[in-house]
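> With the input below, show me the fold.
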Amino acid sequence: MIVIKAKYLVQDNNHYIENGAVAIEGAKIRKVGTFDEIRNLADNAAIIDLKNTALLPGLINVHTHLDLTDSKNRIAPTNNFTHWVFQLIALKSRWKADDTIASIKKGIALCIACGTTTVADIASAEHSFSVLEKSPIRKVVYKEIIGLNPAYAQKIIAKTSLELAKINATDLYHAGISPHAPYSVSKELYMAASQLAKERNILICTHIAETEDEIEFLAKGTGHLSILLQKLKAMPEGWPPPERKPIQYLYEAGVLNEKTLLIHCNYLTEEEIQLLHASGASVAFCPKSHHFFGHKNHPLPKLLEKGVNVGLGTDSLASNDTLDILEEMKFLHTHYSLPPKVLFSIATKNGAKALGMETTVGQLKEGFEADMCGIRLPDNPTGSVYDQILDSSAKNIFTMIAGAVCYHASE
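Next up is the predicted model:
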């Protein structure tokens, strides 16, 4: 048995224990309470004293592209999405397999060091599954599929089905499917992907309502994305625009349900928010990436007000300078003035729900997985523990996943 003690043990966004501790047996949390209560329970247990730290549920990053970790500072910030895509294509064309593998491994290490215990990663690189499978982090790895030509939808989904069949899920490793975006995936492929996800009982995610260019493309088939696809020779001849808003388009393709994760959702109408809420789908919001592209204010407050489940992601280092969810929380606190407890929930419980893990991770509760992180608090604290976690000086010093210490910084 292992006992971890800290100045505060923060179970969730509404409950914390001063001078708290948690007893861990194997990969599970056996008991939480004050250190005095836990100490009496666990004779001869190894004790880890984190001192001036808040022990939290492990942070959950619901959207990453870890294969792009080594793209940091190699792509210029831009509000022209297609210009960014061309920069990314040029960069990746120079990488070899070893470069991609090293990039994924680096991303995993950065996430763990930042207190992230669960990631949802998009596997556009063939190596993502094999590298992540062997890593200690808890993960959902989404197989990305692309194909705007409806004639190839069944061929693509048959190949994807064979690839997913080779994956053996574990407590730490789950597979999903990710039709990339409505400007790169036909309605027929969306429908086939949704059907495959239901048959295999796996999660599905897609980039949606990310740019105003996307909205124009779906409505009229014109604009920067049309030009991009033509240059990439990916625009099917005679492709008819669906003349739909993004969320309406997904709804009609049968994609929206409680196992669907919608990435970005930067531009939504009131009707789309209502449709999204009714579907039970979750949203992955990536604040600093949103800022990188110069998007307008995200509809996050409206989504939360309507009761839509929103989790927090970093996206990749091709459009961010960090994979640190705590830094995303601080950024949100500064730019959206959300209460600390709401931010805490978005980064933990909400993320767990978005990935279908709400009964096992996202809270420090007896019987839950022993996934947690220790946030070093400011030396001269002000406000509640939730306020202190968002202090500019607060940082992660300890990460445990499934009862194993994966990171412990020296003081």
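> Start and end of stretch 52-71, how far apart?
End-to-end distance for stretch 52-71, by Cα to Cα, to the nearest Å: 35 Å.
> And what about the closest residue to Ile60 other than its chain neighbours, helix, strand or coil?
Spatial nearest neighbour of Ile60, excluding adjacent residues (Cβ to Cβ, 6 or more residues apart in numbering): Gly351 at 3.0 Å. For glycine as for every other residue, the C-beta is placed from the backbone atoms N, C-alpha and C. Using DSSP: H, G, I helix; E, B strand; the rest coil, the structure places Gly351 in helix.
> What separation is there between the residue nearest to Pro299 when sequence neighbours are not counted and Thr160?
Leaving aside its chain neighbours, Pro299 sits nearest to Leu268 (5.1 Å; criterion: Cβ to Cβ, 6+ apart). Per Cβ to Cβ, to the nearest Å, Leu268 is found 28 Å from Thr160.
> Of the two, which one has the most company?
Using other Cβ atoms under 10 Å as the criterion, Leu268 and Thr160 rank with Leu268 on top: 25 against 19.
> The more buried one contacts Ile247, doesn't it?
Yes: contact between Leu268 and Ile247 holds when scored by Cβ atoms under 8 Å: they sit 6.6 Å apart.
> Need the overlap of contacts for the two.
Taking Cβ atoms under 8 Å, 6 or more residues apart in numbering as the contact rule, Leu268 and Ile247 both touch 209, 276.
> Secondary structure of Leu326: a helix, I assume?
Yes: Leu326: assigned to a helix according to three-state DSSP.
> count of neighbours near it?
23.
> per-residue pLDDT, it?
Confidence at Leu326, expressed as pLDDT, is 98.
> try Glu411
For Glu411, pLDDT reads 55.
> And the helices in the stretch 301-411 of the chain, which stretches?
325-336, 340-347, 349-354, 385-389 (DSSP state H, counting those that start in this stretch).
> Just name the most buried of those.
Mean neighbours per residue, mean count of other Cβ atoms under 10 Å, is largest over the helices of the stretch 301-411 of the chain for helix 349-354, with a mean of 26.
> counting contacts, what elements does that one pack onto?
Judged by 3 or more Cβ pairs under 8 Å, 6 or more residues apart in numbering; DSSP states H and E, the packing partners of helix 349-354 are strand 59-64, strand 116-123, strand 282-285, strand 309-312.
> mind checking how far it is from the chain centre?
Taking Cα atoms, centre = their mean, to the nearest Å, one finds the center of helix 349-354 at 10 Å from the center of the full chain.
> so for it, what's the average pLDDT?
98.
> same thing with stretch 360-379?
On average, stretch 360-379 scores 97.
> Go through that stretch and flag the buried ones.
By neighbour count with 16 or more other Cβ atoms under 10 Å, stretch 360-379 contains the buried residues 360-365, 368-377.
> now stretch 399-408
Of the residues in stretch 399-408, those buried (16+ other Cβ under 10 Å) are 399-403, 406-407.
> Ok, stretch 252-266 next?
So for stretch 252-266, counting by 16+ other Cβ under 10 Å, buried means 253, 255-256, 259-266.
> So what would you say the end-to-end distance of that stretch is?
In stretch 252-266, first residue to last residue: 20 Å (Cα to Cα).
> Then stretch 360-371?
Start-to-end span of stretch 360-371 (Cα to Cα) is 9 Å.
> go on, stretch 35-49?
10 Å.
> Please apply the same query to stretch 383-392.
Terminal residues of stretch 383-392 are spaced 13 Å apart (Cα to Cα).
> Check what contacts it and list those residues.
Under Cβ under 8 Å, 6+ apart, the answer for stretch 383-392 is 8, 10, 13, 16, 54, 56, 326, 329-330, 333, 340-341, 343-344, 375, 377-378, 381-382, 394.
> Let's see that with 7 Å instead.
Here stretch 383-392 makes contact (Cβ atoms under 7 Å, 6 or more residues apart in numbering) with 8, 10, 16, 54, 329-330, 333, 340-341, 343-344, 375, 377-378, 381, 394.
> Lowest-confidence entry in those?
Lowest-confidence member of the contacts of stretch 383-392: Pro381, scoring 87 (pLDDT).
> The closest residue in space to that residue that isn't next to it in sequence and Gln11, how far apart?
Take Pro381 and drop its neighbours on the chain: the residue closest to it by Cβ to Cβ, 6+ apart is Gln388, 4.8 Å away. Counting by Cβ to Cβ, the separation of Gln388 from Gln11 is 16 Å.
> show me where pLDDT drops low in this protein?
Counting by pLDDT under 70, the chain shows low-confidence ranges at 411.
> quick one, longest helix in it?
Longest helix in the chain by number of residues (criterion: DSSP state H): helix 97-113.
> Tell me the buried residues in it?
100-113.
> Could you identify the most distant pair in the residues you listed?
The span of the buried residues of helix 97-113, defined through Cβ to Cβ, is set by Thr100 and Ala113 at 20.7 Å.
> Tell me how many other residues surround Arg39.
Using other Cβ under 10 Å, Arg39 has 16 other residues around it.
> so where does it fall, helix or strand?
Using DSSP states H and E, Arg39 sits within helix 35-41.
> by contact count, what packs against that helix?
When contacts are defined as 3 or more Cβ pairs under 7 Å, 6 or more residues apart in numbering; DSSP states H and E, helix 35-41 packs onto strand 16-25.
> Quickly run through the sheet partners of the strand it packs on, with directions.
strand 2-10 (antiparallel), strand 28-34 (antiparallel) (DSSP bridges).
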